[in-house]
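Undergrad: Any chance you could fold what I've pasted below:
(one chain, ligands or ions: 1)
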Amino acid sequence: MAVRTTVDEIRAQEIGSLERKLEEIRNYWNEHIHDLKLARHPIGTKGFFADLEEYRFDKLRYLPKIVDFGGYREKNLLEVGCGVGIDLARFARGGAVVTGVDLAQKSIELAEKNFELNGLQGEFMLGNGEDMEFDDNTFDVVYAHGVIQYTANAQKMVDELHRVVKPDGEIIMMVYNRKSWLNFLSATLGVGLEHEDAPVLRKYTIQEFRELLHGFSKVEIIPERFPVKSRLHKGLKAIFFNYIFVPCFNVIPRFITRNSGWHIMAFACK
Ligand SMILES: C[S@@+](CC[C@H](N)C(=O)[O-])C[C@H]1O[C@@H](n2cnc3c(N)ncnc32)[C@H](O)[C@@H]1O
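TA: Residues are numbered from 1 along each chain as shown. Model (predicted):
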């Protein structure tokens, strides 16, 4: 009996500490809208969302080349950790029937505003991607770009993405690569990474990410996100990065540098 109480107590403490962590994560993302610093227009205006979209797809030039935003017409698509809905708007413009979930109220409010100002249809819900209200096998496509690495329990979120996708559905995910050019540069030059101060920020090797996705029947991994000129940093380090590092790195054939891509993209089937 005494042993049972101890096990229950330990479990309750674990749950309590995960809940506190999620609260910290929620508070952080309510205060730190992704790419906010790069917007020139006031927050929540049409210009603001246009700025974020322009910046995002300049920085992530690879994204529309490997994610077919227009290829899911009439498909039921869920984005977990949708932020202000920049990618989700692309899927919606392409004809997908979209739902966005995010832990942070501020993200959900801005995503709704983004869709309203751009005349798009979508459903948004405040929620935890580790434990969602949807039935099993609900969505044709589940998308989680830059989210798994920031949550309290990554395996729980991955299992949840697996649960809500249909048996013949597709899951698209991205986490950061610990063995990447950007991590190396950050460690050697001391340049901070975006959201390094978030309550949780995990980086994975390709092998570790594969292990996280062990429950999927088929997984294709594509490391992406190679250097492009930075608009975020200023000063000597930025000059070195923009005019020496970026051009030199990009003359090396991609098949040599491929595994050092900062974003490990995964395309998986249930
Ligand atoms: C770096 S932002 C990425 C936003 C968007 N996916 C993008 O690529 O622009 C991370 C987002 O994940 C959300 N997030 C973190 N943990 C989450 C969780 N457990 N459930 C739902 N959303 C979560 C945050 O609130 C934040 O909006």
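Undergrad: alpha carbons only for contacts and neighbour counts from here, please
TA: Noted.
Undergrad: And Lys106, how close does it get to the ligand?
TA: Between Lys106 and the ligand the computed distance is 8 Å (Cα to the nearest ligand atom, to the nearest Å).
Undergrad: And the next helix or strand past whichever strand or helix holds that residue?
TA: In this assignment (DSSP states H and E), Lys106 forms part of helix 105-117. Note on helix 105-117: by DSSP H and E, the next helix or strand toward the C-terminus is strand 123-126.
Undergrad: So for Gly122, what's the pLDDT?
TA: Predicted confidence (pLDDT) for Gly122: 98.
Undergrad: So it sits against Val97, correct?
TA: Yes - with contact defined as Cα atoms under 8 Å, Gly122 counts as touching Val97 (6.9 Å).
Undergrad: coming back round to it: residues touching the helix holding Lys106, excluding its own?
TA: Contacts with helix 105-117, where a contact means Cα atoms under 8 Å, 6 or more residues apart in numbering, come from 29-30, 33, 44-46, 49, 82-86, 89, 100-102, 121-122, 124-126.
Undergrad: one more time with 6 Å, if that's ok
TA: Asn30, Gly83, Val84, Gly85 (Cα atoms under 6 Å, 6 or more residues apart in numbering).
Undergrad: Look up how far Phe245 lies from the first one.
TA: Yep, that's Asn30 we're talking about. 34 Å (Cα to Cα, to the nearest Å).
Undergrad: same check, this time on the last one
TA: Taken as Cα to Cα, the spacing of Gly85 relative to Phe245 amounts to 32 Å.
Undergrad: Which of those two has more residues huddled nearby?
TA: Higher neighbour count among Gly85 and Phe245: Gly85, with 29 against 16, using other Cα atoms under 10 Å.
Undergrad: Kindly state the pLDDT recorded for that one?
TA: Gly85 is given a pLDDT of 98.
Undergrad: How about the contacts made by it?
TA: Counting by Cα under 6 Å, 6+ apart, Gly85 touches Ala111.
Undergrad: which parts of the stretch 1-150 of the chain sit against the ligand?
TA: Remark: the part of the stretch 1-150 of the chain in contact with the ligand comprises 26, 29, 34, 80-83, 101-104, 107, 127-130, 145-147, 150, using Cα under 6 Å from any ligand atom.
Undergrad: Among the residues you listed, which lie within helices?
TA: Arg26, Trp29, Ser107 (DSSP state H).
Undergrad: By neighbours, which of those wins?
TA: Of all these, Ser107 has the most neighbours under the rule other Cα under 10 Å, reaching 26 neighbours.
Undergrad: All the helices of the stretch 151-270 of the chain, in order from the start?
TA: 154-164, 181-189, 206-212, 236-240, 246-251, 254-257 (DSSP state H, counting those that start in this stretch).
Undergrad: Strands of the stretch 51-200 of the chain, residue ranges please.
TA: 76-80, 97-102, 123-126, 139-145, 165-177 (DSSP state E, counting those that start in this stretch).
Undergrad: and Val246, how many neighbours?
TA: Neighbours of Val246 using other Cα under 10 Å come to 16.
Undergrad: And the closest residue to it other than its chain neighbours, how close does it get to the ligand?
TA: For Val246, ignoring the flanking residues on the chain, the nearest one in space by Cα to Cα, 6 or more residues apart in numbering is Pro227 at 5.5 Å. From Pro227 over to the ligand the distance is 18 Å, taken as Cα to the nearest ligand atom.
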